[in-house]
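Novice: predicted structure and sequence below. I'll ask about it afterward.
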Amino acid sequence: MGYVKSRLSLMMFLQYAMWGLWLPILAGYLQADVEAGGLGFTPSQVFYITALAAASGAFIGPFIGGQMADRYFSAERFLATLLIVGGAVQWILAAQTSFVAWLILSVVYSICFQPTIALTNSIAFSHLTDANNEFPRIRVWGTIAWIAAGWVFPMVWLQTDLEFHRLPPFLAGDQVPDATARLIDAMRWSGALSIGYAVYCLFLPHTPPKKDVADLAFTKAFALIKRRSVAVLVITSLFISVIHQAYFAQTFPFFRDALGLRDSDISPAMTIGQFAEILVMAGLGLMLTRLGFRFTMAIGGTAYLLRYLIFGTTTLPTAVIISSQALHGFCFACFFATAFIYIDRIAPDDVRHSAQTAFGIIILGAGPLLSAPILSFLAKMFTVDGVLNYSSLWYSLAAIAALTTTFFVVMFRDETTGPVTAEVAEEEPVVG
């Protein structure tokens, strides 16, 4: 069993290293001036690329993974197929320079990538005897991989003459002259890793297709929205998803253009959020036990508010603004992870899996889809002479967080019964 857990842990490491390589820095490349080596896209265009890609993957991915993998193919072989196709798309995408090409191919890649998240979870759960206790220890390797990817790529590819430092990431050096142009190579690295990961999938434990997939489970799962607590949670999650989407779409350009950080320093700096995520997730069970669902999720909403208030106050010391990313751990764990746990507890046993998937479609699909016009509108409103006023953007998102969190606290009432425990939902939310 120990050998199986090791293989599953490496699976999670590869899954999230592949993602963590490119997602935090993509906007930095797309939005950088052409003269500096980027593509010169506007913030509005970046919002549409990231939002529509995420939404398409969230809407279509579960049906690819659920209907095809669950019914017809072994999970590990279907995972390998998606990884090979996705890796090839990444290499093609990295060579594109037009907005339309990026928009279309990003959607194609997301449709290939999103099902792999559910498939890795499904493979892990199928081979664990005590999932509630064993899965967190396996899944944490995904977060470790995200951090490692954020450190290694800049060290190896964006810097030279590395020297030891007392503070993370402990190795740093001079930035190479063409660092901005090299940012797109993270997509190529990820594509190569994706294909190598596909080969590794052939050595994962065999996970055959299920024969008893319920046809009506999705219908019953979506019917949960008739319950007041679920309806309030869905409405709140949609707007939290909007402001969450802005974090990965604009933090890299913000750190570079407004705070003056080097391209090679930003990805490591952004991993502060993942370190905090590990710590907050470790204490989430205690928070749920002491505070319950309503106030734990309110802490998550308040963390979004505080983070964007700090981001917007650019007169604060740069170290304070960067350190405020530690609030990301509370944003993710206290709101999104807790929301998935609540859905897991309130759903009937026969539709738990489908309820998780349905809720994921709403917050990972409908949320980003809603974010595209909202964030694009805000970006255009606050752009003057081609320069985005980040303070106004972040303060606007803080206002949305304040209104949404207030709505949630006033309207939400826990409708579950029994003691609150931080059980791990099968469709755990991805790294946020």
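Specialist: Great, that's in hand.

Novice: mean confidence for the helix or strand where residue 240 lies?
Specialist: Element membership for residue 240, per DSSP states H and E: helix 228-257. Averaged across helix 228-257, pLDDT comes to 94.

Novice: which strands and helices sit next to the helix or strand just after it?
Specialist: Counting by DSSP H and E, the next helix or strand C-terminal to helix 228-257 is helix 263-270. On a contact count with 3 or more CB pairs under 8 Å, 6 or more residues apart in numbering; DSSP states H and E, helix 263-270 meets helix 23-31, helix 131-153, strand 171-175, helix 179-182, helix 228-257. Every C-beta, even on glycine, is put in place using the N, C-alpha and C of the backbone.

Novice: show me which parts of helix 263-270 are buried, residue by residue.
Specialist: 263, 264, 265, 266, 267, 268, 269, 270 (16 or more other CB atoms under 10 Å).

Novice: give the contact list for the fourth one.
Specialist: What that stands for is residue 266. Contacts of residue 266 were listed using CB atoms under 8 Å, 6 or more residues apart in numbering, and they are 24, 25, 28, 251, 252, 255, 256.

Novice: the first one too?
Specialist: With contact taken as CB under 8 Å, 6+ apart, residue 263 is in contact with 25, 28, 154, 158, 175, 179, 180, 183, 256.

Novice: make TSV out of those and add distance to residue 303 and neighbour count.
Specialist: As requested, these are exported to TSV (distance: CB to CB, whole Å; neighbours: other CB atoms under 10 Å):
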residue	distance to residue 303	neighbour count
25	23	26
28	24	26
154	26	28
158	30	25
175	31	17
179	31	21
180	31	22
183	28	28
256	24	20
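
Novice: picking that back up, tell me the buried residues in the helix holding residue 240?
Specialist: Quick answer for helix 228-257 (16+ other CB under 10 Å): 229-230, 232-257.

Novice: over to stretch 102-116?
Specialist: Buried, per 16+ other CB under 10 Å, within stretch 102-116: 102, 104-116.

Novice: one more: stretch 200-208?
Specialist: 200, 201, 204, 207.

Novice: so which of those residues comes closest to residue 376?
Specialist: residue 201 (37.2 Å; CB to CB).

Novice: give me the nearest residue to that closest one, chain neighbours excluded.
Specialist: residue 80 (3.8 Å; CB to CB, 6 or more residues apart in numbering).

Novice: show me what contacts the one you found?
Specialist: Here residue 80 is in contact with 198, 199, 201, 202 (CB under 8 Å, 6+ apart).

Novice: where do the helices of the stretch 201-350 of the chain begin and end?
Specialist: Assigned helices in the stretch 201-350 of the chain, in chain order: 217-222, 228-257, 263-270, 272-282, 284-312, 318-323, 327-330, 338-346 (criterion: DSSP state H, counting those that start in this stretch).
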